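Student: Give me the fold of what follows.
(2 chains)
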Amino acid sequence: MNNNSKPIKGKAFVLGKNIDTDQIIPAAHLVYSLDDPEERKLYGKYALSGVPAAESGLPEGGVSLTKEGETESQFKIIVASDNFGCGSSREHAPACLEIAGIEAIVTPSYARIFYRNSVDGGFLIPFESFEDLSSEVHTGDELEIDQVNHKLKNLTQNKEYRIKPLGSVADIVHAGGIFEYARQNGMVPR
Amino acid sequence: MGMTLTEKILANHSGRDHVSPGDNVWVDVDVLMTHDVCGPPAISIFQKQFGENAKVWDKNKLVIIPDHYIFTADKYANRNVDILRAFAAEQDLPYFYDVGTDSYKGVCHVALPEEGFTRPGEVLFGTDSHTCTAGAFGQFATGIGNTDAAFIMGTGKLWVKVPETMRFIFEGKSLPPYLMAKDIILQIIGDIGVDGATYRTMEFAGNGIKALSMEDRMTLTNMAIEAGGKNGVVEPDEITEAYVKSRTDHPYTKVYSDPDAKYHSLHYYNLEEMVPMIAKPHSPDNKATAEELEGEYLDRAYIGSCTGGKLSDFKAAAEILIGNKVKLDTYIVPATTEIARALETETQSGIPLMEIFKEAGCKIGNASCAACLGGPSDTFGRLNHEEVCISSTNRNYPGRMGSKQAQVYLASPYTVAASAVTGVITDPRVFIQQTVI
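Tutor: As a prediction, this is how the structure comes out:
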């Protein structure tokens, strides 16, 4: 979790629209402990395993977020189309992406509970783009998110896009989650 | 400026005279519900943040209803129920509906009203996206994650961004005999899309709402999340009061939208002109009429879940299944144990519903979420291969009911039952009006 406005750099993993929580982490896998250091790695292994192969890692497809037998991904930033994270309220969804090594998502819109869980749990930063970049960015492109100037740079294609400021959730994101935010504001004892 | 029902409840619970959409407010929570999938991680966060020996803010306001992965040999799933059991004992929780006991209930969103936890004017959070079901009782109810649930366990509060309200106004005096609330909500989701209500309230109103029973209203609000809605809500009336008072003597204060409340948008539907609807694979907004899909291939039929496993859903299915044999593998899963018992006592033409289903050749499961969300591979009714299923459940994204190779059509219990009898997608009007389409 990057919480100090430093640039976020890494490879892009590209997805389409309406990526729901069953595609992010299929329900059969929700049984593992998020605390046990070994068991929690399974969430990294199965992150995005519900996405149909043809739609996983666009534009070509057929790319898994984590390679066979691995629990951490080479990709750091997800770029997707509208309504990312729709479906259930399972917090295992943003958690599994963080465990796989994802630090940020860039999409024009999120489903509400996924967005909230990402922020309040401090798992990753959900950035909103002005336009749908899922057909511009290719899986594997090197990206850099400039949090200060609200820009997404595609270093591979040498292109730059504006992204939206975090707005009212910025304080929670920068605190690192709802508990840290509440402690800073005296709502929960330190 | 007046306020909507949702705005008023959020104002009342945050100590303010007035709130407007976009305001961030901290609300006092009346009920927090959790279950076997999200309860254990929420408990773990609670203990980490507030201390191993911390007590929850109010043990009478925390309701734990295991319902997701109950009848399975999965060791991790069973361990999760053990974690809930230990926590309930340690915290001395009066409202824990333990597996394998007489108090076991089944699907939380139907169990909550049965046990009197859904009350007009209140704020209810649950670690499940279909918590919005409870809005049918004129309250604010929405789904949250584990971290937010842990925060409530410790503080009794949570921040909420006040949503704008979309108002869906139903005209018409009664539902046509072949129409169910499921058809209405599938039509609405098909019209506005799976993100058509994102961050917003869906308020269901108009004279037509009087034609809808409490269970019908629950079907509407249940699927608000499938349009991205933060919550779904229906103003309380005598139907609401009759239900709530039969289940609890807990006091509550009814809240209504002001006549001059400001809405995001108004949407009109005439109930008497609506027809049976289906959501095709792989999205709840992929709409078609049942008539348009007549004859499409199916392998399986499924009637169950918080959306389509209530008593009225089984009564509807029985109307069509009575005296018929199913041509598909047909799964019947009552949402709760109370409904399962009612299947033995409720009758049609003198025959108990359970007997009608068994005579028709249906497979009957235990009260739980079962295959609605796939679950462990030994889950009753789970789609493990490339099956094509017509289901009274709520979601049909790839892999929702198990295998991502499977295909799911969402429909009303009437349409599912009619299709089970013929073996292909069938408009229920063929049975109910005895007409040929």
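Student: Would you map the strands across chain A?
Tutor: A:8-14, A:75-79, A:104-107, A:125-128, A:142-146, A:151-154, A:159-162 (DSSP state E).
Student: Export those as a markdown table, with columns for mean pLDDT.
Tutor: What follows is these, written out as a markdown table (pLDDT from 0 to 100):
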| stretch | mean pLDDT |
| --- | --- |
| strand A:8-14 | 98 |
| strand A:75-79 | 98 |
| strand A:104-107 | 98 |
| strand A:125-128 | 98 |
| strand A:142-146 | 98 |
| strand A:151-154 | 98 |
| strand A:159-162 | 98 |
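Student: Mind putting the ones you listed into JSON lines with mean neighbour count and distance to B:P66?
Tutor: The way it works is simple: take the backbone N, C-alpha and C, and place the C-beta from them, glycine included. As requested, the strands of chain A are exported to JSON lines (neighbours: other Cβ atoms under 10 Å in any protein chain shown; distance: least, Cβ to Cβ, whole Å):
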{"stretch": "strand A:8-14", "mean neighbour count": "21", "distance to B:P66": "35"}
{"stretch": "strand A:75-79", "mean neighbour count": "26", "distance to B:P66": "33"}
{"stretch": "strand A:104-107", "mean neighbour count": "24", "distance to B:P66": "32"}
{"stretch": "strand A:125-128", "mean neighbour count": "22", "distance to B:P66": "31"}
{"stretch": "strand A:142-146", "mean neighbour count": "19", "distance to B:P66": "41"}
{"stretch": "strand A:151-154", "mean neighbour count": "19", "distance to B:P66": "43"}
{"stretch": "strand A:159-162", "mean neighbour count": "14", "distance to B:P66": "46"}
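Student: Reformat those strands as TSV; add distance to B:D216.
Tutor: As requested, these are arranged in TSV below (distance: least, Cβ to Cβ, whole Å):
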stretch	distance to B:D216
strand A:8-14	42
strand A:75-79	39
strand A:104-107	35
strand A:125-128	36
strand A:142-146	47
strand A:151-154	46
strand A:159-162	46
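Student: Of all those strands, which one comes closest to B:D427?
Tutor: Among the strands of chain A, strand A:104-107 comes nearest to B:D427, with 37.9 Å by Cβ to Cβ.
Student: What helices and strands are in contact with the closest one?
Tutor: If you count contacts as 3 or more Cβ pairs under 8 Å, 6 or more residues apart in numbering or on different chains; DSSP states H and E, strand A:104-107 packs onto strand A:75-79, strand A:125-128.
Student: Quick check: which ranges of chain A have low pLDDT?
Tutor: A:1-4 (pLDDT under 70).
Student: Run through the helices of it in chain order.
Tutor: Along chain A, counting by DSSP state H, helices occupy A:21-24, A:41-46, A:92-100, A:112-120, A:170-175, A:178-184.
Student: Is A:T71 in contact with A:K41, as I believe?
Tutor: Yes. The pair A:T71 and A:K41 passes the contact test of Cβ atoms under 8 Å, sitting 4.0 Å apart.
Student: Tell me the residues that contact both of the two, please.
Tutor: A:I99 (Cβ atoms under 8 Å, 6 or more residues apart in numbering or on different chains).
Student: so which of the helices and strands packed on strand A:104-107 gets nearest chain B?
Tutor: Closest approach to chain B among these is made by strand A:125-128 (12.0 Å; Cβ to the nearest Cβ).
Student: ok now that closest one, how far from the chain's centre?
Tutor: The chain centre lies 8 Å from the centre of strand A:125-128; the measure is Cα atoms, centre = their mean, to the nearest Å.
Student: Next: stretch B:51-63.
Tutor: Per Cα atoms, centre = their mean, the centroid offset for stretch B:51-63 relative to its chain is 26 Å.
Student: Return the mean pLDDT over it, rounded to an integer.
Tutor: When pLDDT is averaged over stretch B:51-63, the result is 97.
Student: again, but for stretch B:162-176
Tutor: 97.
Student: pLDDT score for B:M1?
Tutor: 85.
Student: what about it, distance to B:Y104?
Tutor: Remark: distance between B:M1 and B:Y104 (Cβ to Cβ, to the nearest Å) = 47 Å.
Student: Have a look at the two and say which one is more surrounded.
Tutor: Higher neighbour count among B:M1 and B:Y104: B:Y104, with 19 against 9, using other Cβ atoms under 10 Å in any protein chain shown.
Student: Show the contacting residues for residue 106.
Tutor: Reading this off chain A. A:I77, A:I78, A:V79, A:A80, A:F127, A:E128, A:S129, A:L133, A:I145, A:L152, A:I163.
Student: switch to chain B, that's the one I care about
Tutor: Here B:G106 is in contact with B:D67, B:P334, B:A335, B:T336, B:T337, B:I339, B:A340, B:N366, B:A367, B:S368 (Cβ under 8 Å, 6+ apart).
Student: switch to 6 Å and redo it
Tutor: B:D67, B:A335, B:T336, B:T337, B:A367, B:S368 (Cβ atoms under 6 Å, 6 or more residues apart in numbering or on different chains).
Student: In helices only, show me the residues you listed.
Tutor: Using DSSP H, the contacts of B:G106 in helices are B:T337.
Student: Farthest-apart pair in the contacts of B:G106, please.
Tutor: Greatest spatial distance among the contacts of B:G106 (Cβ to Cβ): B:D67 and B:T337, at 10.5 Å.
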